[in-house]
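Undergrad: Quick one: sequence plus predicted model below, questions after.
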Amino acid sequence: MKAAFWHNIRDVRIEETPEPPVRPGMVNVRVEWCGICGTDLHEYLAGPIFIPDQPHPLTNERAPVILGHEFAGEVVAVGLGVTKVEVGDRVTVEPILACGTCLPCRQGLYNVCDELGFHGLSGGGGGFSEITSVKASMVHKLPDAMTYEQGAMVEPAAVAVHAVRQSRLKAGDTCVVYGAGPIGLLVIQAARAAGASRIIAVEISEARQRTALALGAHHVIHPLKDNAVEAVHRLVPGGVDVSFEVTGIEVCLNDAIRSTKTDGQTVIVSIWEKAASIAPNTLVLKERELKGVLAYRNIFPAVISLISEGRLQVDELITKKIRLDRLVTDGFEELVGSKEQIKIIVSPKP
């Protein structure tokens, strides 16, 4: 079968590799669609970040590894002891790899496992392949009415819903979302679903600004045309209750902090390629809170319901569909060169 292997920065190759065997407790999935995540793009441009350069403790693999962790497909084989799904089921996959024994795992915080890995980043296979093998416990059935394309969007939607759930945002609160890429647009929708009374988006792409407004933002700010912090404070005197930083850009992080009210909260959702500096007094003098969130936990069934009920609109975020052999040229390089694309999804089917 064909699969996309990360070898080095800007070196992703479509190669032949054996189909994975069917092992006890595992499920083999024929991938229908797999999304290109911002994390994949970070790895392409500046990795390895999550990709292991030494054997990963949970997979015993190191680069080159197969990419792809936002995917849905059909179950084609089940291993010994698997009763959760059967051949022919339509599923999406929660791609977290956790040890199950460290303190965070024992506390139920498996998304911050001490040995954390991700299927499609840390070895063990990935969604940018024709068939991949995953733990049965991490497979979730799709409703009949949900498309495979929507199934591939469950993972990024889960990131956004988890970020809002872990924030202090309450019904009636105000918020600002810095960055209206795929995750930022999903955060806007999750904030709307949580009852935010006013949602502001900060984004330079006019196409993404329009999408943000269509999906629930009440205002958009172009940070190259207006001072974002001042604009937020004009819209919400004193500052918003919660800001979400979804850019991975230092200036946006500092602006997100300063956009919040006294005793407000900034939630960092993005993954960073390098260190960033903040001015601690912007937190201290206003008793603001800075919180990080990572991925998701115990949330996929709820997110599947939100999408299937139409409360999270994900079809509008898919702006391009490509085949696996075009992953680099029409996928990664397209996303590097254009902010007009939002989510590109990939079909590994021959």
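TA: Here it is on my side, so go on. Numbering: from 1, shown residues only.
Undergrad: Mind jotting down where the helices sit in the stretch 151-300 of the chain?
TA: Secondary structure of the stretch 151-300 of the chain (DSSP state H, counting those that start in this stretch): helices at 154-166, 182-193, 206-214, 228-235, 250-258, 281-284, 300-308.
Undergrad: Let's have these in a markdown table, adding distance to Pro350.
TA: Heads up, the C-betas are built off the backbone N, CA and C, glycines and all. Below are these laid out as a markdown table (distance: least, Cβ to Cβ, whole Å):
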| stretch | distance to Pro350 |
| --- | --- |
| helix 154-166 | 24 |
| helix 182-193 | 27 |
| helix 206-214 | 33 |
| helix 228-235 | 46 |
| helix 250-258 | 41 |
| helix 281-284 | 53 |
| helix 300-308 | 28 |
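Undergrad: what's the most buried one of the ones you listed?
TA: Greatest average neighbour count among these goes to helix 182-193 (a mean of 26), per mean count of other Cβ atoms under 10 Å.
Undergrad: which intervals of the stretch 101-250 of the chain have sub-threshold pLDDT?
TA: Residues of the stretch 101-250 of the chain meeting the criterion pLDDT under 70: none.
Undergrad: how about the strands in it?
TA: Using DSSP state E, counting those that start in this stretch, the strands of the stretch 101-250 of the chain run over 117-118, 131-135, 139-141, 174-178, 198-202, 219-221, 240-245.
Undergrad: which of those strands sits most buried?
TA: Highest mean neighbour count among the strands of the stretch 101-250 of the chain (mean count of other Cβ under 10 Å): strand 174-178, with a mean of 30.
Undergrad: gap between that one and the chain center?
TA: Averaging C-alpha positions (Cα atoms, centre = their mean, to the nearest Å) puts strand 174-178 18 Å from its chain's average.
Undergrad: Can you name every helix or strand that it contacts?
TA: If contacts are counted by 3 or more Cβ pairs under 8 Å, 6 or more residues apart in numbering; DSSP states H and E, strand 174-178 sits against helix 182-193, strand 198-202, strand 240-245, helix 250-258.
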